Structures are given as structure tokens and as C-alpha cells.
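**Q** Sequence first, predicted coordinates after that:
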Amino acid sequence: MRITDISENWEFKQHAAFTDYYRPCVIGLNWLPAKVPGCVHLDLLCNGVISDPFTSFHEHGCQWVDIADWVYRTSFVYESDESDGLYGLRKVLRFEGLDTIATIYLNGDEIGHSENMFIPLEIDVSESILGGKNELEIRFCSAVRVGMERRAACFERERLNPETTFFDERAFVRKAQYMSGWDWGPRLVSCGIWRPVRLIEFESRIRSYSVHHKRLDDGRFRVWSETGIEGEVPFLTTWDGKEFEGDFDLIVENPELWWPNGLGEPHLYEITARIEGQDSIQKKVGLRTIELKQEDDQWGRSFEFVVNGKPIFAIGGNWIPNDSFPSRINPNQVAKQVHDCAEYGMNMIRVWGGGLYESEEFYDACDEHGILVWQDFPFACSYYPDSKEFLDEIEREARFQIERLRDRTCLALWCGNNEIQTMWEGKWGKPEHQPDRWYGETIFKELFPKLIKELDPIRSYISTSPTGSDRAERPNCNSDNFGDQHFWEVWHGKGDWVHYRDSGARFCSEFGFASSCSMECWETVFQPDESTSPAHPVVRSHDKTNKPWEIFRGLVELHYPRPNSLDEWVETSQLNQRDAMREAFEHFRISRKCAGALVWQINDCWPAQSWSLQDYARIWKPAGLEMKRLCHPILVALRVYSGFVEVAVDVWHDDFPIEISLEFCSSSARQVLRSLLISFEMEEIESETWKRIDTTEFDRFRTIVSAQWTKSEITRTTRSLCEPKEMISRIEKD
């Protein structure tokens, strides 16, 4: 086998045939140098045609790029003769990722077409490649324009109101939905060759290699491989150093189990498949059982992950693509971020449905660090067409990705979509602009369950998130007490973070509170000589949360003083976000009926104000740093009231009684005013006991209280007996 990267000498231009359609966006017909992998926005930026969309207001100045068609081309030399041993081998052009509506030409002849960003495209060029120089060209049609045309045709066919909400052009093209804009990211739809292009020459090769396992009643595991070979040749496989001719099927007598982070070691076995002298694949897999338990109980219906027979509290966050331009995502950086999540104690990441199927490096890191993955299919907050042509395309996509990911040890759950059922039930948008049925329901309630049953039957599947109650007498997929919940009553509803206590979630898979990014991020957005303030138009432009400035600021000023500068806004908004997250996680962990909490969101795709724990500069905010305490096996929860404080504990092991140390200190002199020990027995923890301590003896404006498990400083949490703004005001007066 010989693999040749086709990554050099690429150039691009706006497609000439498009100039009559939209003249204002014409940049000329000259070829400009391009980088592959890449995208048109980055190529235009490198050639000085547009300004950086991440700086100032420049996002808005390059929207024309998405209406245009673009063409990329390169030339490469192919040489092979009988003497090199490669003559006569099959030759395939493999495009790992084309974004998105693309037609491919080789030496002037059309050889293929792509409609899906999420599926590699292979084209056999054994008969069409030339000895010597070859010309390769890829023409990209505007995904926006094609989506609009398909939308118009669908609406005419279905007799839908053109004003129908949440059924926009992005739903008609299979590309990452967030690129069309979200409430934390810009609208930069883009196009391009976002993953490598390669020429592969082979006689035989390994097309697929999966390893399946099943726990037997006696604790042993049956493990077997399934290898797809292209070509009639023998192949070898290995399991943990043992070699087999062909696929293996064996019993592991004393298995070393893979455990989620914090519950044990995530042990992985090494496996390989190879065709001698031609092709090989190496993988690491773990042995474990995992199920999503959903059972009716005294509260409603549970939503609890059970790993190796042990119920766990799933804790972590939602993951979005790491950049608005996927080709720019650095796999090593992603692996580092997953490592950090594990270091902070997280054991689950939800790959959110408006983004991408993540990279191999992402899943490698999750496997290695014991991070469970909740995998959404990439559908979010929209109706979707359900014509036969569209369903056929979705089936191709889903089959490829299920087969790609099904032997990932970290993969805990498949989920059909993000928030589409709750959107349908809640009739998002204007009531008069609603469709008469849920367009796309067939995808999530018929197609995906069928494919999961066929291709990955051991994995749990839910059709949507939140999934809630499907009881006929009370259908509400985002209710308390049933299934998973997206709790946005804080921020989008009542606003203040104290209302996290109102959630009755069995599993809260989305909740969050927005804050500013770091000053390091803002420094990349502003020009060096620009004066900045929290209300600066550029700051507001990099806030997609749709929260008016007065309300956003007001939510922070409930607890912190009014900021006079951008630096102060960064500090107070981030501290307020930290306070919100500790209120939320402490509530969910202390609740006996809640079995998981995944914060919205872990990361950012550009410099912005958002709900992220880590900003685009990859700096963890205070809320992110607080996760190390919030994810600790022993959590000390502390609430402050007028005249008393309350303490509660959540414990993930059986080390009872739990001794909690409390200290009341002077905020100015740092003198210990009073200290005491509080003991919690197992029964008190299981009954959600909050123990009350009187604080009327202290000056609440000058006193702070801290609580921690006596055996670990990491569990320490500190609060003031008044609002931070009140204490700051009193200190300033003093």
C-alpha cells in the first residue's frame, strides 16, 4: 500500500459562473494560494481579502462569502511502473472531509459529488488517473444558497408557510449546524476541504475493524473481532499480544475492567488487525458494561448510568466544536482539554448535537482518561426534511459513524438530537408560524433506533434530549422528575442562580450561566489603541446570548458591584458564574433523585461572552477551576441565609461518618472567630439532611465562613455571610 497526501500547491477563486447571480461579492477571477486542509474564510484571510472574522465587527463584513460559490484546484504527479511493485494496484482518491456541496473533477472530467460534511468520499481513479501530471479540481456550491433552494422546494411541496420558524436553510444541508450561528457563536457557514485528501494505492486493505464484548454471568467476558477486508487475502488479528489467523473469538478469564474517572482505572487492551506487508490498524479497547437505567419510581422515571453494575453520578459538561472553522481545530489541544476535564474530576462529556462527530484524538483521550461520552447525532433546534432522498443520506451518515464509534469504550449513549422534541412541544417561535407536524420525527424515532439495534445493540439510545416524560396524560420532554432535563429557568427564565434549587431534575444534561471571556481573549478582539468598556459595541457584538446588556449586567449586580471597566466586568461576571455553578452542582448532587449534571458548556469556538467554563484562549474561568471541588467524591455544600448557614454532604464511597470542619473568620483581620466539627452519618446523607448553624453572633458584613471535609483541602468552600457587593462596599468604607 502507498498513501500520498495531496496537500500541496492548492489554489482557489470565486467561481466565475456565479458572478451574474450576486455581483457585489465578486473579488475577481484570479487564482489565489490556498491551504488544505482549510476553508475559504481562512484562505481569504491569508490573502488579505477579508479581515479576521474573530476581531472587531468583522464577522458581519464577510457574510457575502457564504453566498458565493468557490473552486479549488491543484496538480499532482503520479508515477508508477512495474519496477516499484505498485503498478496495477487499485487507486482511490479519498477525501476525508468536504464541506459540503462539492463536485470533483480529475483532468477535466467529473468523477464524483459530495453532499455531506460528515462522511469521507472515496473515488476509484484506477482507470482515469494519468501517468505524470494530473489536475484535480473541486467546485463548492454555496451551502446557504443550496439550502434556501431546497427549503423553498420543500415548502412548496408540503404547502408550508414560508414564515415557518426553526426550519431554516441549514436543515437541508448535512453540515455542522453551529456554523450557521448560535447563541454563543458567529454565523460563518463557510466551505472548503476541511480534512486531508489522499491518493491510496493498494492490492488489499482493511476497510473496518471492530471489537465487540459481552459480560458473561460468571464475570468473564466474551470478546470477538469483526474485520472487513477489501481483497481476498489472509489477515491476522491480536488481542492483548495474542495473535490469531483471521478474526478472534475468545474468553477473557480475569478481565481488568475499564472504569470511569474517579471510580477506578480505565484499563485498555491493545488490539491490532493487519494484512502482512500491506495494511494494519491498531486500537485500544476496554472491557466494561454500561446501561442507561430508566425505571418508574416514587418520583417519576429515573435516568441513571450504571457501569460494571455500579450506579454512578455522571458529572461533566457539554462539548461544542473547538473552533468556528473545524479545519483549524488542533487535535493535540483537544486531547489536552479532555485531560484537563479528567484532572478536574469530570467523568462524562456530552458531544452536543449542533456540532461535529468528534476526532479520533478526542475519543482516544476519553478512552484513556475514563471520560464517558454521550454522543448526540448532529441535529439541533430545527425541523428537518424527511423525504426519501434525505433519509437515505442520513442513513449513509449514521451507518458510517455508528460503525466508526461503536467499539469506543468511552461511548455511553447515542442521542438522536438536541432539543427538537421540546421545540415541537413548546411551539418555539410565533404560534401562527408552526408546521402541522414534527418534520424529521421519522429520523429520530424510526431510522436511528433501527440502525442502533442493527449495528450497536448493546448501546442505549434516546431519541432526543431532553427526553422527559412521554406519558400520554402528561407529555413533557423537559419536565421535573422524568428523564433528563435542560434547566434554563436560570438565565432564560427567573434569571438569578439561586433558582437552581427549583429544579427537580433526575438528570440535568444542560444548565449554565454566562460570563465574559478573559482579558487575554479580549486583547485578540480589540485593536491595541481602542478604549474598552463592558458596554462597548464590540463587546456586545461578541455576546450572542441575546441577553440585553442591562439584564446581563443586572444579574451579576444582584451579587457583585457594578463594573467600571472591562477588567472589572471580566472579574465580577466570572465570579458570579462560579457562584452559579457551585449552587447548581451542589443542588443536583445533594438531591437523592438526581443522577447526573452536565454543565453548558465546557469550551468556546471563538472569543466571546458565553456559558463556557474555558474560553477560546483555553483559559479556565473560575467556574471551571471550581469543578475540581464540585466533582470530588466528597462534596461539601454550603448555603448562606440571614442569621444562619446550612451544610450538607454528598459522598461517593462508604467512609462514614464524614467529619466536616466549619470556620467563621473576620474578613479584614482573617482571625478565626469560631470553629466547629459537624458529623454526617450515611442515613443523614441519604435523606438530604442540611444541618443548620446559627450566625447571629457575627457581623455578617465582615464575616466569611468556610467548610471542608477534614481529610481534604480540595473540598474547601468559602462564602461571605452577606452578598459580596455588600462586603466590598463595607471594606471600602472602612
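**A** Now that the structure is in, tell me what you want to look at.
**Q** Could you give the secondary structure assignment for the closest residue in space to residue 331 that isn't next to it in sequence?
**A** Nearest residue to residue 331 in three dimensions, chain neighbours excluded: residue 361, at 3.7 Å (Cβ to Cβ, 6 or more residues apart in numbering). The C-beta positions use only the backbone N, C-alpha and C, and glycine is treated the same way. Of the three states, residue 361 takes helix under DSSP: H, G, I helix; E, B strand; the rest coil.
**Q** ok, residue 361 - contacts?
**A** Residues in contact with residue 361 (Cβ atoms under 8 Å, 6 or more residues apart in numbering) are 331, 332, 334, 335.
**Q** and if we set it to 6 Å?
**A** 331, 334, 335 (Cβ atoms under 6 Å, 6 or more residues apart in numbering).
**Q** any idea which of those has the most stuff around it?
**A** Among the contacts of residue 361, residue 334 has the most neighbours (other Cβ atoms under 10 Å), with 20 neighbours.
**Q** Would you quantify the distance from that one to residue 558?
**A** 36 Å (Cβ to Cβ, to the nearest Å).
**Q** For stretch 680-691, what is the distance to the chain centroid?
**A** 35 Å (Cα atoms, centre = their mean, to the nearest Å).
**Q** returning to what we had before: any idea how far the residue nearest to residue 331 lies from residue 167?
**A** Relative to residue 167, residue 361 is positioned 35 Å away (criterion: Cβ to Cβ).
**Q** mind listing the strands for the stretch 451-600 of the chain?
**A** Ranges of strands within the stretch 451-600 of the chain are 460-462, 484-486, 507-510, 596-599, based on DSSP state E, counting those that start in this stretch.
**Q** can these go into TSV with extra columns for mean pLDDT?
**A** As requested, the strands of the stretch 451-600 of the chain are exported to TSV (pLDDT from 0 to 100):
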stretch	mean pLDDT
strand 460-462	97
strand 484-486	96
strand 507-510	98
strand 596-599	98
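**Q** Of all those strands, which one is nearest residue 440?
**A** Judged by Cβ to Cβ, the one of the strands of the stretch 451-600 of the chain that comes nearest to residue 440 is strand 460-462, at 15.7 Å.
**Q** quick one: strands adjacent to that closest one?
**A** Applying DSSP bridges, strand 460-462 is found paired with strand 411-415 (parallel).
**Q** Give me the three-state assignment for residue 170.
**A** Strictly by three-state DSSP, residue 170 counts as helix.
**Q** Contact partners for the closest residue to it other than its chain neighbours?
**A** Residue nearest to residue 170 in three dimensions, not counting chain neighbours: residue 180, with 4.1 Å by Cβ to Cβ, 6+ apart. Contact analysis of residue 180 by Cβ under 6 Å, 6+ apart lists 170, 187, 189.
**Q** how close does residue 180 get to residue 492?
**A** Going from residue 180 to residue 492 by Cβ to Cβ gives 21 Å.
**Q** ok, now residue 239?
**A** Taking Cβ to Cβ, one finds residue 239 at 50 Å from residue 492.
**Q** And the two? Which one has more around it.
**A** Between residue 239 and residue 492, counted using other Cβ under 10 Å, the more crowded position is residue 239 (20 against 14).
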